[in-house]
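[1] This is a predicted model, with the sequence first.
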Amino acid sequence: MKKKIIFTAFNLDTGGVEKCLVNLVNNLDKNKYDITVFLQVKEGIYLDTLNENIKVESLNLTKVKNKILKKIINIFKFINIIIKKYHKYDISVCYAPGYIPSAIIGYIASKNNISWMHTNLLTYMENYKPYENLNITNEKKVKKFVNRVFFRKFKKNIFVSNDAKSAYLQVYPQDKNKCYTIYNLIDYKTIIDKSKEKISIKNPKKFTFINIGRQTEFDKRLSRIINATDKLYKEYKDFQLIFVGKGQDTQNYKKQVEKLKLNNVIKFIDNQKNPYPYFLLGDVFVLSSEFEGLPTTVLESLVLSIPVISTNVSDVKDLINNKYGIVVEKNSNDLYLAMKEMIKSSEKYNNKFDFKKYNKEIITKLEGIFNNE
């Protein structure tokens, strides 16, 4: 008999967490699990990438203009959903614990409830804007955040990296026995198939560095790559950098490029529903983040056999291990040195990654957690 399992999140729009959720539910055995994805808002570019066997539900909040009436109706709708969902599933997973309604439904839907953490909370709180004016330590900020989303109340807590789990256990060492590390799955079949789609941009003749993803300085720190490129261009002329994506800081990055007179070196391509052919434009993928859960774009690059330069975030050092790329400290000078090294000898890091073995180990471990093993 199939186990009923529900995953809760905010939406399925652009983002690493959303993509990882889709990868996870699509790769779970449909003969073992009856899967529901419950969203606060039923929207996002990844909605149509879910397998047909997966049910999608949402809060379906009213959009009436009267604010008081809207609030009253939505409160009653939410209460009704809580009543209907209470302990109706064998397993419930809050996949996006930062959103209160998702956390509540993930918590009440099953006695066997799990909450999933996608980042190092201590690092995240250094840059968490809602708490930036609070004159308290990062540890206290973590406690405030964890209490707000009642993360500790869940029977089990899953972290996407050992780095994220270790940071949490620094604050709550007493939770050690209910904390697990599960790396993000890779939907390698989709990545490889979609990478073959034809795009209008031809493969560049110049050596090309590429970055794909959300363009926000708060976490992604793309200014580091731009500054590293500026330094590299003083020594090498025959290369380029391509940014694919968009975000709240895209215009600031374009202004930075213009100020440094690098318009002929750095190109911007808008956000793409299918980014995988664009990965293949690059000889090397560059990640400059200040913090990450487990970088999805790094895993995607490994599937497509593209060497990686990454700042030392999450467990990326264990993944790359000097076999698939270079891990550097979080500054533009180290990125510059790694980019310089890659121009000279990128083929040294172009090794085959065993993504099938990687996925199999994750699914086996996750099913053990689901089954209370």
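    Everything's here; your move. Keep in mind it's a predicted model, so treat the numbers as computed, not measured.
[2] Distance check, residue 267 against residue 322.
    29 Å (CB to CB, to the nearest Å). Every C-beta, even on glycine, is put in place using the N, C-alpha and C of the backbone.
[3] For these two, indicate the residue with more neighbours.
    residue 267 (18 against 10; other CB atoms under 10 Å).
[4] shouldn't the more buried one be in contact with residue 253?
    No: the pair residue 267 and residue 253 fails to qualify as a contact (CB atoms under 8 Å) at a distance of 11.7 Å.
[5] Mind listing the shared neighbours of these two?
    Listed as contacting both residue 267 and residue 253 by CB atoms under 8 Å, 6 or more residues apart in numbering are residue 243.
[6] show me where the stretch 1-150 of the chain has strands.
    3-9, 33-39, 55-58, 91-94, 113-117 (DSSP state E, counting those that start in this stretch).
[7] Columns mean neighbour count, mean pLDDT and distance to residue 219 on top of those, output as a markdown table?
    Putting those into a markdown table (neighbours: other CB atoms under 10 Å; pLDDT from 0 to 100; distance: least, CB to CB, whole Å) gives the following:
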| stretch | mean neighbour count | mean pLDDT | distance to residue 219 |
| --- | --- | --- | --- |
| strand 3-9 | 23 | 97 | 19 |
| strand 33-39 | 22 | 97 | 23 |
| strand 55-58 | 13 | 96 | 27 |
| strand 91-94 | 27 | 98 | 21 |
| strand 113-117 | 25 | 97 | 15 |
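[8] Now render those as JSON lines, adding distance to residue 279.
    Shown next, in JSON lines, are these (distance: least, CB to CB, whole Å):
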{"stretch": "strand 3-9", "distance to residue 279": "25"}
{"stretch": "strand 33-39", "distance to residue 279": "26"}
{"stretch": "strand 55-58", "distance to residue 279": "28"}
{"stretch": "strand 91-94", "distance to residue 279": "29"}
{"stretch": "strand 113-117", "distance to residue 279": "26"}
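[9] Out of these, which gets nearest to residue 233?
    Closest approach to residue 233 among those is made by strand 113-117 (39.3 Å; CB to CB).
[10] which neighbours does that closest one have in its sheet, and in what orientation?
    strand 91-94 (parallel), strand 156-159 (parallel) (DSSP bridges).
[11] so how far is the longest helix belonging to the chain off the chain centroid?
    Looking only at the chain and at elements set by DSSP state H, the helix with the highest residue count is helix 67-85. Relative to the centre of its chain, helix 67-85 is centred 30 Å away, using CA atoms, centre = their mean, to the nearest Å.
[12] Repeat that for stretch 328-336.
    Per CA atoms, centre = their mean, the centroid offset for stretch 328-336 relative to its chain is 22 Å.
[13] what is the rounded mean pLDDT of it?
    Averaging pLDDT along stretch 328-336 yields 98.
[14] May I see the buried residues of it?
    Going by neighbour count (16 or more other CB atoms under 10 Å), the buried part of stretch 328-336 is 328, 332, 334-336.
[15] Please tabulate the residues you listed in TSV, including the columns secondary structure and distance to residue 205.
    Listed next are the buried residues of stretch 328-336 as TSV, based on DSSP: H, G, I helix; E, B strand; the rest coil; distance: CB to CB, whole Å:
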residue	secondary structure	distance to residue 205
328	strand	27
332	helix	26
334	helix	28
335	helix	24
336	helix	23
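[16] Which one of those residues is nearest to residue 244?
    Distances from residue 244 to the buried residues of stretch 328-336, taken by CB to CB, are shortest for residue 335, at 17.9 Å.
[17] Can you name the residues that contact the nearest residue to the closest one once chain neighbours are set aside?
    Take residue 335 and drop its neighbours on the chain: the residue closest to it by CB to CB, 6 or more residues apart in numbering is residue 228, 3.9 Å away. Residue 228 is in contact with 332-333, 335-336, 339, counting by CB under 8 Å, 6+ apart.
[18] Please identify the helix or strand for residue 228.
    Secondary structure from DSSP states H and E places residue 228 in helix 223-233.
[19] Give me the mean pLDDT for that helix.
    On average, the pLDDT along helix 223-233 is 98.
[20] now stretch 301-320
    The average pLDDT within stretch 301-320 is 95.
[21] In it, which residues are buried?
    Under 16+ other CB under 10 Å, the buried positions of stretch 301-320 are 301-304, 306-311, 313-316, 319-320.
[22] just to revisit the earlier point, let's have the strands paired with strand 113-117 in TSV, adding distance to residue 189.
    TSV is the format used below for the strands paired with strand 113-117 (distance: least, CB to CB, whole Å):
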stretch	distance to residue 189
strand 91-94	23
strand 156-159	24
